[in-house]
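Enquirer: Below is the structure, and that's it, no one-letter string:
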Ligand SMILES: [Zn+2]
């Protein structure tokens with residue numbers, strides 16, 4: 001089951017108890033799932049359509065309990081939906097008007113009725129805001145699986161999107177909106193906002209699942225970062241140590257290590273035989289063990305000396321190049 005379906009299954013069990021909240025839910029369902037079928041001269045029928053049978057049942061009960069309206073219920077297998085069953089609830093004409101007035105969705109204007117607006121308490125009471133957001137999610141929301149990043153979305157009408165954003169803002173939840181085809185989409189991307197929204201709607205189990213996934217993922221990321229860092233350090237160590245060892249070998253072939261001062265000779269031998277060793281490890285190999293910075297300092301002096309030797313006169317450089325392929329030959333040239 002998708003994460004969206006899990007959340008919806010949990011939310012459908014959260015029942016609005018107070019009349020104010022029932023009205024707020026009805027308002028959100030009406031904006032999300034209903035269309036107004038105009039029948040001329042301001043007459044209208046409200047028709048709800050949803051693929052989610054549990055949502056259809058919820059709307060049916062809300063209409064009955066809160067509004068004493070019994071809608072007509074039919075099912076339709078929809079070709080466009082791949083044969084999935086669509087629940088259709090039709091509110092009779094006389095009662096549609098009563099419903100829209102209760103929801104404050106119909107306002108008379110000079111050019112006839114205007115369909116927009118919210119129940120009075122939807123914006124002001126926290127209980128009603130929670131109910132409105134919950135029903136908006138049940139009717140047109142989705143939540144992408146936490147493994148692929150968080151994104152909680154509501155598809156909404158323009159009026160509903162505006163209301164939703166204001167309500168979310170009142171609960172300190174940041175949302176953005178984008179136009180997708182003919183719908184407005186209100187979406188949350190930050191993990192904290194998604195978690196707060198789940199809490200507001202009452203999806204506490206989903207919230208826990210999500211937090212657990214989030215903690216697991218953070219721990220995994222941290223472990224990965226640490227491992228990458230170790231690997232990078234090791235590679236760097238290997239390449240720097242390897243380069244030093246090669247330079248020392250060339251120098252030895254050309255000059256012999258005896259030309260070096262005693263303490264540099266010792267570190268040169270240690271590095272030559274242990275190109276992979278860290279500075280600490282090298283320090284431990286010395287007769288008088290040395291700390292990391294001491295080893296670093298000594299290696300720098302050794303390398304500077306070797307470089308200087310390479311730069312002085314092209315002969316040496318040539319010698320060293322040939323020394324790589326034939327050490328004896330190079331040594332002979334040197335001693336001539
Ligand atoms: Zn309420």
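Expert: Everything's here; your move. For clarity, every value in this text was computed on a predicted model and none was experimentally measured.
Enquirer: which residues sit against stretch 233-251?
Expert: 257, 268, 271-272, 274-278, 299, 302-303, 306, 309, 320, 323-324 (Cβ atoms under 8 Å, 6 or more residues apart in numbering). Glycine gets a C-beta too; all of them are placed from N, C-alpha and C.
Enquirer: What helices and strands are in contact with the helix or strand where residue 57 lies?
Expert: Element membership for residue 57 (DSSP states H and E) is helix 53-67. Packing partners of helix 53-67 (3 or more Cβ pairs under 8 Å, 6 or more residues apart in numbering; DSSP states H and E): helix 3-12, helix 19-33, strand 44-50, strand 84-91, helix 93-102, helix 126-140.
Enquirer: Please repeat the previous calculation with a cut-off of 7 Å.
Expert: Where contact means 3 or more Cβ pairs under 7 Å, 6 or more residues apart in numbering; DSSP states H and E, helix 53-67 is packed against helix 19-33, strand 84-91.
Enquirer: returning to what we had before: of the contacts of stretch 233-251, buried ones?
Expert: 268, 271, 272, 275, 277, 299, 302, 303, 306, 309, 320, 323 (16 or more other Cβ atoms under 10 Å).
Enquirer: Present those as TSV; the columns should include pLDDT, secondary structure and distance to the ion.
Expert: Converted to TSV, the buried ones among the contacts of stretch 233-251 look like this (pLDDT from 0 to 100; DSSP: H, G, I helix; E, B strand; the rest coil; distance: Cβ to the ion, whole Å):
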residue	pLDDT	secondary structure	distance to the ion
268	93	helix	81
271	92	helix	76
272	90	helix	80
275	87	coil	73
277	87	coil	71
299	91	helix	74
302	91	helix	79
303	90	helix	76
306	87	helix	81
309	80	helix	86
320	45	helix	86
323	42	helix	88
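Enquirer: Could you measure from the residue in the stretch 151-300 of the chain that the ion sits nearest to over to residue 58?
Expert: In the stretch 151-300 of the chain, the residue that lies nearest the ion is residue 167 (12.2 Å; Cβ to the ion). Counting by Cβ to Cβ, to the nearest Å, the separation of residue 167 from residue 58 is 20 Å.
Enquirer: Then residue 10?
Expert: From residue 10 to residue 58 the distance is 13 Å (Cβ to Cβ).
Enquirer: Hmm, residue 96 is touching residue 46, no?
Expert: Yes: using Cβ atoms under 7 Å, residue 96 makes contact with residue 46 at a distance of 4.5 Å.
Enquirer: was I right about residue 279 contacting residue 293?
Expert: No: assessed by Cβ under 7 Å, residue 279 is found out of contact with residue 293, at 8.1 Å.
Enquirer: Which of those two has more residues huddled nearby?
Expert: Neighbour comparison, residue 279 and residue 293: the larger count goes to residue 279, with 19 against 10 (by other Cβ atoms under 10 Å).
Enquirer: could you list every residue that touches that one?
Expert: Residue 279 sits next to 292, 295, 296 when contact means Cβ atoms under 7 Å, 6 or more residues apart in numbering.
Enquirer: any low-confidence regions in the stretch 1-150 of the chain?
Expert: 42, 78-82, 107-116, 146-148 (pLDDT under 70).
Enquirer: What residues does it have near the ion?
Expert: In this structure, the stretch 1-150 of the chain approaches the ion at residues 18, 20, 21, 125, 127, 128, judged by Cβ under 5 Å from the ion.
Enquirer: switch the cut-off to 8 Å
Expert: 16, 18-21, 23-24, 121, 125-128, 130-131 (Cβ under 8 Å from the ion).
Enquirer: so how far is residue 69 from residue 61?
Expert: From residue 61 to residue 69 the distance is 11 Å (Cβ to Cβ).
Enquirer: if you count what's nearby, which of these two comes out ahead?
Expert: Taking neighbours as other Cβ under 10 Å, residue 61 and residue 69 compare with residue 69 leading, 21 against 12.
Enquirer: just to revisit the earlier point, give the closest residue to the residue of the stretch 151-300 of the chain closest to the ion in space, chain neighbours not counted.
Expert: residue 129 (4.5 Å; Cβ to Cβ, 6 or more residues apart in numbering).
Enquirer: returning to that earlier point: have a look at residue 10 and residue 58 and say which one is more surrounded.
Expert: residue 58 (22 against 18).
Enquirer: was I right about the more buried one contacting residue 11?
Expert: No: Residue 58 is not in contact with residue 11 according to Cβ under 7 Å; the separation is 9.7 Å.
Enquirer: Can you read off the pLDDT for residue 279?
Expert: We have a pLDDT of 89 for residue 279.
Enquirer: ok, the closest residue to residue 290 other than its chain neighbours - how many residues close by?
Expert: Leaving aside its chain neighbours, residue 290 sits nearest to residue 283 (4.1 Å; criterion: Cβ to Cβ, 6+ apart). Per other Cβ under 10 Å, the neighbour tally for residue 283 reads 21.
Enquirer: Now do the contacts for residue 283.
Expert: 289, 290, 291, 292, 294, 295.
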